[in-house]
Each structure stands twice: as structure tokens, then as C-alpha cells.
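Return a 3D structure for these sequence lines:
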Amino acid sequence: LAVELPALQPMLAPFDGFHETNHAVTGTCLISFDRNRYSVAARAVRRAVQVRAYADRIVVRLGDEIVAEHPRCFGRDRTIYDPWHYLPVLVNKPGALRNGAPFQGWELPPALARLRRKLGRSDEGDRRFVRVLAAISSDGLEAVEAAVREALDAGAPSDEVILNILSRRREPPRPAAIVTLEDMALVHPPVANCARYDSLRDTRATA
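Next comes the predicted model:
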């Protein structure tokens with residue numbers, strides 16, 4: 001190595017070493033790989049995906065889009081879930097929040113976890129909480145968390161309040177008022193006097 005080191009070329013980027021195989025996504029948003037099952041985003045259900053296996057993780061791609069990434073499991077017969085992959089499923093089946101396997105032991109972000117406790121574990125509470133979660137698809141997790149914190153701080157842990165906050169924040173900012181500098185003020189402001197047009201008409205008639 002000491003002899004060859006001066007002739008070695010520097011690496012311009014980390015080596016992207018992986019083994020890629022094709023897999024089909026099941027109706028329950030799962031792929032089977034290396035004797036284990038991994039969840040993928042619900043939009044890839046029943047479609048063919050490419051699985052890139054690295055030494056420490058697997059990356060699932062649908063065309064150019066990454067639809068899942070998990071730490072690689074070297075055991076067997078295990079199912080590794082990412083609850084966020086099933087968010088579109090929750091919109092149609094809120095009851096799965098309490099009973100669905102992907103959501104058992106789900107560690108929610110702090111603000112959402114507080115909201116979950118406030119709304120309670122009931123059919124109505126599940127429905128209201130899922131309405132808030134569904135907003136993440138359009139507004140993003142960070143924006144939804146901020147809206148939840150604002151509602152909780154105001155003592156209004158309600159899905160309607162949170163969605164109203166998000167809607168308000170999506171509105172474009174009002175244009176700034178135009179400030180006229182004193183030096184730019186008109187010396188002779190215009191006067192609304194329609195009689196001026198009559199005088200022009202009389203002059204043209206005389207000519």
C-alpha cells in the first residue's frame with residue numbers, strides 16, 4: 001500500500017454500492033425481500049418496484065421516486081412497517097388507527113402525540129385525528145405540527161381549528177400598502193369636473 005499510495009486517485013464521491021432486484025408490491029403495501037417484509041408508500045400498491053439493497057439499508061424505488069427506505073433486517077419472517085406509508089389508507093379507514101398492525105406502538109411527533117391524547121381513543125377521536133394527519137400530504141409535517149402546537153397553546157385541540165389555521169397560512173400575503181413620499185405628492189391634484197368636456201365641445205362647435 002505504501003508503494004502504491006502515490007499512484008492512487010482521490011475518490012470524487014462515495015461509492016454507491018448496492019444490489020438491485022425487482023419486486024411486486026402486495027395489496028397491503030408490502031414487499032418481500034431476503035426473507036422479510038417491508039412496507040412501501042400506498043401509492044405503489046400492486047405495482048412493480050426496484051429494491052436497492054445496501055449493507056445497512058434498503059431503498060425502494062418506483063421509477064425515479066423513492067417510495068420507501070428502511071434499515072436492513074438480517075433476521076427472517078419479520079415485517080417492518082413505516083406507519084406514514086399507510087396515511088392514505090387511514091383517510092378511508094380511520095378505525096385502523098387503533099387496530100391496524102402498522103400503527104401499533106407508533107411514535108408520533110410530540111405535538112401530534114399530545115393532540116392524540118386530547119382527542120381520545122374513540123371512533124370520533126380517530127376520525128378527527130385522521131383528518132389532521134391527512135393534511136400532512138398537502139401541507140407537510142412541519143406545517144401541520146406548527147398548527148397543532150398553536151391550537152393546543154390556545155386551548156382548542158380541535159381538528160376544525162387546526163385545519164382553519166392551515167388554511168389561513170396558505171393564503172397569499174396581503175400586498176404592502178403604497179406609501180407616497182411627501183416630495184412626490186401632486187402640487188395640483190386632479191379635480192373631477194365633467195364640465196371641462198362640455199367646454200371642449202363648445203369650442204369645437206365655434207371653430
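
going forward, measure contacts between C-alpha atoms and count neighbours the same way
OK.

Is V60 in contact with I66, as I believe?
Yes: V60 is within contact range of I66, at 5.8 Å (criterion: Cα atoms under 8 Å).

Those two: who's more crowded?
V60 (25 against 15; other Cα atoms under 10 Å).

residues of stretch 135-150 that come out buried?
If you call a residue buried by 16 or more other Cα atoms under 10 Å, then stretch 135-150 has these buried ones: 135-136, 143-150.

spatially speaking, which residue is in the middle of this protein?
Centroid check for the chain by Cα atoms, centre = their mean gives G140 as the closest residue, at 2.8 Å.

and Y197, how many neighbours?
So Y197, with other Cα under 10 Å, has 10 neighbours.

Can you name the helix or strand that it falls in?
Per DSSP states H and E, Y197 falls inside helix 195-206.

tell me the strands in this structure, going along the chain?
Assigned by DSSP state E, the chain shows strands spanning 19-24, 30-33, 36-39, 48-53, 57-62, 65-71, 79-80.

Any chance of a markdown table for the ones you listed, columns distance to V161 and mean pLDDT?
Below are the strands of the chain laid out as a markdown table (distance: least, Cα to Cα, whole Å; pLDDT from 0 to 100):
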| stretch | distance to V161 | mean pLDDT |
| --- | --- | --- |
| strand 19-24 | 41 | 94 |
| strand 30-33 | 35 | 96 |
| strand 36-39 | 32 | 97 |
| strand 48-53 | 39 | 96 |
| strand 57-62 | 36 | 96 |
| strand 65-71 | 31 | 96 |
| strand 79-80 | 34 | 96 |
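
For Y86, which of those is the nearest?
Nearest to Y86, of all the strands of the chain, is strand 36-39, at 8.7 Å by Cα to Cα.

Neighbouring strands - and their directions - for that closest one?
strand 30-33 (antiparallel), strand 79-80 (parallel) (DSSP bridges).

residues in contact with it?
29-32, 68, 70, 73, 75-82, 85 (Cα atoms under 8 Å, 6 or more residues apart in numbering).

For that strand, C-alpha coordinates in CSV please.
The C-alpha coordinates for strand 36-39 follow below in CSV (Å, rounded to 0.1, in the frame of the first residue of the first chain):
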residue,chain,number,x,y,z
ASN,A,36,-38.5,-10.3,5.5
ARG,A,37,-41.3,-8.0,4.5
TYR,A,38,-41.0,-4.2,4.3
SER,A,39,-43.8,-1.5,3.8
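
domains of the chain?
19-80, 85-170 (the TED database).

Measure how far the first one is from the centre of its chain, please.
This means domain 19-80. 21 Å (Cα atoms, centre = their mean, to the nearest Å).
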